[in-house]
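Participant: Could you look at this predicted model? Sequence included:
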Amino acid sequence: MNQNDAVTAPSPMDSLELDIRDLRVEYRTMEGTVYALNGIDLQIPKGRTLGLVGETGAGKSTTGLAIMNLIPSPPGVIVSGSIFLGGESILKKSEKEMNLIRGNKVSMIFQDPMTSLNPVVPVVDQIMEVIEHHEKISPRESLPKALEMLEMVGIPRNRAHEYPHQFSGGMKQRVIIAIALACSPYLLIADEPTTALDVTIQAQVLDMMRELRKKYQMSMLMITHDLGIVVEICDLVAVIYDGRVVEHGTLRDIFINTRHPYTEGLFNSLPDMENPKAELKPIPGLMPDPTRIPTGCPFHPRCGYAMDICAKTRPSRYYASTEHYVECHLYDEKTVVSGGRIKQ
Amino acid sequence: MNTPLLEVKNLKKYFKTPNGMLHAVDDVSFTLERGSTLGLVGESGCGKSTTGRAILCLTEPTSGQIIFDGQHLMKLSPSELRRQRQDMQIIFQDPYSSLDPRFTVAQAIEEPFRIHKLIMDKRERHKKVLALMDTVGLARRLINSYPHELDGGRRQRIGIARALALGPRFIVCDEPVSALDVSIQAQILNLMKQLQRELGLTYLFITHDLSVVRHFSDDIAVMYLGRMVEKAPTEALFAHPLHPYTKALLSAIPIPDIDRRTERILLKGELSSPIEPAKICRFSNRCGECIDLCKEEEPLMHEVSPGHFVSCFRASGY
Amino acid sequence: MEETTLDTVSSATAKKPRSQAYYTWKRLKRNKGSMAGLAILTIYFLLMLGANLLYDYKDVAIKQNIPARLQAPSVAHPFGTDESGRDVLARVIHGSRTSILISVAAVLVAMVIGGALGAIAGFYGERLSNVIMRFMDVLLAIPATLFAIVIVSALGTSVSNLIIACSVANIPKFARILRSSVMSVRNAEYIEAARALGARESYILIRHVLPNSISPLFVQLTITVGTLILLLSGMSFVGLGIQPPTPEWGAMLASARTYIRNYSYLCFFPGMAIMLCILSLNLLGDGLRDALDPRLK
Amino acid sequence: MWRFVLKRVLTIIPIMLGTTFIVFSIMSFAPGDAVGMLAADASQEEKAALRQELGLDDPLLIQYARYIKNLLLGDMGISYKSGAPVTEELAARIPYTALLAVVASIITIILAIPLGVIAAIRQNTFFDTSSMVFCLLGISIPPFWLGLLLILSFGVKLKMLPVSGSGSWAHLIMPAITQSVAGLATIARVTRSSMLEVIRQDYIRTARAKGIAYNQVIRRHALKNSLLPTITVAGLQVGALLSGAVVTETVFSWPGIGRFLVSSISWRDTPCVLGCVVIFVLTFSIINLIVDILYGFVDPRIKAIYKKA
């Protein structure tokens, strides 16, 4: 296995719910062009959950919006690449065709529940709206279904006609989940769904999402910066840095057989559970300015293992297994075969 | 050195609202030893930030006593209190809003000297600013930058430098790293630890992030709806959480380790309102271990093991 | 510290200290409309200053010259002459002094009084704020134009009365704006930070609160000058403002109205002068609003 | 909710008392007193007697109280100029001003809101730019000059419309346009900026993520939210409209209250001036009241605050 495999998919097309290839997105503003996604590849097999992990400005949210074809334009421009959803090319769809897919085949949950619901519309109406739109039924027929959805996410029927400001953050996020799931989508994109919530509420919501995913048998893209949440809910993990997947693999690949120095840095930045008082080993420096991306490997200015080549050429993709790959010059073929974890 | 640096007794802070009194902080007491760190943990609305601000008298406490190094803070006159502030500082959560957007880095860091009319010589002050920037790891070339030109991590360093300028002994850290990315968060935490070691600082570390507080604190106090429900040395608390709320809270932390899955205690419902709370256990409506007594009386803080305090009728020593 | 090394490695020397005004100006310069407005306003300003050098006030702008009455625009009289034979261009230029000076004076008075009331109401306790704002509510319940008319009709149409009328009618507007912006700044964390450092309330108000809340006032100032020029010329037009023969744009239009059938050019130039002036002020105001908006950096 | 409406209606009373008192006391400085106007030829003694009879020697507060008492009974005094009751004089003119104001408001609202909304959702297009240039001109052009230009072009040159007076619908056209331009431009600008703010909100993205067509998202989710600032400004514009009547009615010799106010001032007819101002202020306050109540119906968060208060 080597870099050439990057061109063909590791797994057959028809079993993929989501297939993003070489997607490049830029935001062209007065101050300069922000390179948000720089050739990202992502595949989610049917029924599985992929965690997209990275820090602020890495391009996580842009990826989610790109799948929904909702990147604000201007200033957003999809420069190149493709997105296939259930085998259909999203980027080639007209706005009208997209409107039959959004909320129906693919849904999205946004980060901030406080602002994601329309403040002047009762919550049940906001659920009914999506049902009526996609199932072409009357308000009278959609109401029972909307009430059922509310109950499923744990909101009693008698509160259905209240307005968002009467709900707490956790309950609003439940309503948003109900909206997202109302039409049983094949793919659910969750963009930091619990970041704005308290830990105990986060636990409730994550628990509910796990249940619902099982019930609906859907695929999921979990966008998060929290490696703990990844463990909770994901099967596969993609670590994203500077608009590109730098390491991808199963939970075990990422958490036990960590390969990329950035992934390693993320783990080292967290307090060690075995030895909580041990000093943290943060990644030095800061995220690169997205308008001026470093040449070569974008992580090299912060990387403790950087070699001369890292500043010059972008690393290719090296596979450790069909699912575990990494974009880093440390892994030429020999290193991969010997399978050693990075040692300092 | 035997007296604690800070002693808080029966601190209360109520706010008036249209619906009645909001008990933001209700009868909180603790002591803080010199050079140590107390982590104050709880969820939003539990009163942890208000506690921090009330201790510094940034919001006037409703009642109680705050004894800082033998001084009763609430008995000080406004000018005495202002002078006292050289000794106690605060670092805020949001580095984006805690810096005046019209002040450059230099102006922000030298502001404490201007306020207290300490270093009047311009060149002297400039030198001191540069020294502080070195201390917190801010590149000197940023001295004339404005906050909006800098990222969150650097802004937080400015906030720390400003807090350190007057050489305080005690710093309230109000969620200092919650707004930062993990890699930056670790940089700031390391910096704060290093400063504590070098300058002998005492911290009150307010946070909702339990893994951070475990790493950072010597003792942890857990708050729920304005009440302190449990306080213990860090490892004792993680090893033997006694209050049902603490147990639920600890079990709710998502742990980034695939081989360590804890059994999760899911709480029913959400926080009730801190407005005019009934005189019963405030956690009783969500508690899985609730007994009749919990709905009749309010439990008091009691010591169940050395240094381990809890306010729950069902908790006993270990 | 790792970060230090990283920062110094990539470091150049520190950049020059620049004030916020410098950055605001830099952003404002990008706005073409504002620059056009500013250019036109500069021309008005220069004409205002040089009015007496160009045309003598008594001899050209006021003195009647019946033989030369109602001449169409020509080289000698670019804007023509009016019913008394006076050069319209000269009167338009001298008119700018009247309109602009009264408006600016009135706005400054309104801004200082309204701003002070608003700052006090916003920064200090609730009770004082309530008293001030209830009074402002009452003033606001009277439409500004109407208020000005009432004052002038009671006190008479002298210049000082016009300034009083125009400013009083606008005090509540400034008070409201500064109050709400002070209130949003008052609770900012950096205010608390300054308090934690041991700053006095007066220091906080002067060093932090006012500088950060005053920018909407500048926008309002620009726009209100325009509104007042409009108000003043409107009042003069209906005969409640500046009285003839003093050159004033609205009063000139009022007398031109009689000759609209045959000498329509008389109606054109004073009106154009008013509109261009207000347009430039609005363009500048819109640009300032964007340039001062902290959200846009 | 109805309790709130009632409460809010009651708050209008102190406001009305305050405003009328301010106006009343300012007007007491007005030169020309009732006796001098009513009985110009009388002797000094007769004048003094009349002054006493009319209560003009009483303190300001007493005079004011008397005025309010009479006002509540529908008596606003006697016009110095015509000798007729002020109420009659006003009643003859209110319909004209009201007609003009209503027509102008309808033109304003019907055009301004769609203009602002479309400009916002087509931001930076030709339509947006040109309509915003139009609005900028609209807020900058003095209405009396606009009136003169209209008279010049449609009345004098094209002879399509009557230049002044009232009587037919044709008479109404130019005054109505003159009256509405400034308000139209202002409201369109506010609607555009609040719409731009709203369409960047998260809940608009949520609605789009449901697969609902953009036009429908605007109609169902953005419109109601963006109308809040518009309503406020529209209420304020009514005040401007009323004051604008003074100028517009003068330009077109429209026989309404605005023109009456101007002529009353030049006649030093204080009771009439006061009457006109009271009518204007009362109307303005009632409009603001309606705006406040409308707010509650549009925004449930504000309704909740109202209910609590």
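Facilitator: Perfect, I can see it now.

Participant: in the stretch 151-300 of chain B, which spans are strands?
Facilitator: With DSSP state E, counting those that start in this stretch as the criterion, the stretch 151-300 of chain B has strands at B:170-174, B:202-207, B:219-224, B:227-233.

Participant: need the residues of chain B near chain D, please.
Facilitator: Counting by C-beta under 8 Å from any C-beta of the partner chain, the residues of chain B close to chain D are B:P18, B:N19. Quick note: C-beta positions are derived from backbone N, CA and C, even for glycine.

Participant: Would you quantify the distance from B:D100 to C:P17?
Facilitator: Applying C-beta to C-beta, to the nearest Å, the value for B:D100 to C:P17 is 15 Å.

Participant: Low-confidence stretches in the chain?
Facilitator: Picking chain A for this. A:1-14, A:332-344 (pLDDT under 70).

Participant: That was the other one, I meant chain D.
Facilitator: D:1, D:31-40, D:306-309.

Participant: cool, and the stretch 1-150 of chain B?
Facilitator: Filtered on pLDDT under 70, the stretch 1-150 of chain B yields the residue ranges B:1-2.

Participant: In it, which residue sits nearest chain A?
Facilitator: B:E43 (3.8 Å; C-beta to the nearest C-beta).

Participant: give me every residue that touches that residue.
Facilitator: Taking C-beta atoms under 8 Å, 6 or more residues apart in numbering or on different chains as the criterion, B:E43 is in contact with A:D198, A:V199, A:T200, A:I201, B:H208, B:Y224, B:L249, B:L271.

Participant: what residues are up against the last one?
Facilitator: Applying C-beta under 8 Å, 6+ apart to B:L271 gives the contacts A:S168, B:E43, B:G45, B:C46, B:L225.

Participant: looking at it, A:L52 is touching A:R244, isn't it?
Facilitator: No: with contact defined as C-beta atoms under 8 Å, A:L52 and A:R244 do not form a contacting pair (11.9 Å).

Participant: between these two, which one's more packed in?
Facilitator: Taking neighbours as other C-beta atoms under 10 Å in any protein chain shown, A:L52 and A:R244 compare with A:L52 leading, 30 against 25.

Participant: The more buried one: what secondary structure?
Facilitator: Three-state call for A:L52 (DSSP: H, G, I helix; E, B strand; the rest coil): strand.

Participant: Identify the residue nearest it in space, chain neighbours excluded?
Facilitator: Counting by C-beta to C-beta, 6 or more residues apart in numbering or on different chains, A:I223 is the residue found nearest to A:L52 once chain neighbours are left out, at 4.7 Å.

Participant: quick one: the one you found is in a strand?
Facilitator: Yes: counting by three-state DSSP, A:I223 is found in a strand.

Participant: Could you report the neighbour count for B:Y245?
Facilitator: B:Y245: 27 neighbours (other C-beta under 10 Å).

Participant: So for B:F30, what's the nearest residue that isn't a sequence neighbour?
Facilitator: That would be B:V8: by C-beta to C-beta, 6+ apart, it lies 5.4 Å from B:F30.

Participant: Could you check how many residues crowd around the one you found?
Facilitator: B:V8 has 24 neighbouring residues, counting by other C-beta under 10 Å.

Participant: Now it: phi and psi?
Facilitator: Main-chain torsions, B:V8, degrees, to the nearest 10: phi -110, psi 130.

Participant: Low-confidence ranges, the stretch 101-250 of chain C, go.
Facilitator: Using pLDDT under 70, nothing in the stretch 101-250 of chain C is flagged.

Participant: For chain A, list the residue farthest from the centre, please.
Facilitator: In chain A, the residue that sits farthest from the middle, by C-alpha atoms, centre = their mean, is A:R140; the gap is 35.6 Å.

Participant: That one belongs to a helix?
Facilitator: Yes: judged by three-state DSSP, A:R140 forms part of a helix.

Participant: Distance of it relative to A:M128?
Facilitator: To A:M128, A:R140 is 10 Å away according to C-beta to C-beta.

Participant: quick one: the strands in the stretch 101-250 of chain A?
Facilitator: Using DSSP E, counting those that start in this stretch, the strands found in the stretch 101-250 of chain A span residues A:106-109, A:187-191, A:219-224, A:236-241, A:244-250.

Participant: Tell me which helix or strand comes right after the longest one.
Facilitator: Sequence order places helix A:251-255 as the next helix or strand after strand A:244-250, per DSSP states H and E.

Participant: okay, now B:G70: neighbour count?
Facilitator: Neighbour count of B:G70, defined by other C-beta under 10 Å: 8.

Participant: Thought C:R176 was touching C:G122, still the case?
Facilitator: No: counting by C-beta under 8 Å, C:G122 stays clear of C:R176, with 9.8 Å between them.

Participant: between the two, who's got more neighbours?
Facilitator: A direct count of neighbours by other C-beta under 10 Å for C:G122 and C:R176 places C:G122 higher, at 24 against 20.

Participant: how far is the host helix or strand of the more buried one from where the chain is centred?
Facilitator: In the assignment (DSSP H and E), C:G122 maps to helix C:88-123. Relative to the chain's own centre, helix C:88-123 is displaced by 6 Å; criterion: C-alpha atoms, centre = their mean, to the nearest Å.

Participant: which element is residue 283 on?
Facilitator: Chain wasn't specified; assuming chain A. Using DSSP H and E, A:I283 sits in no helix or strand.

Participant: Let me rephrase: I mean chain D.
Facilitator: Counting by DSSP H and E, D:T283 is part of helix D:270-298.
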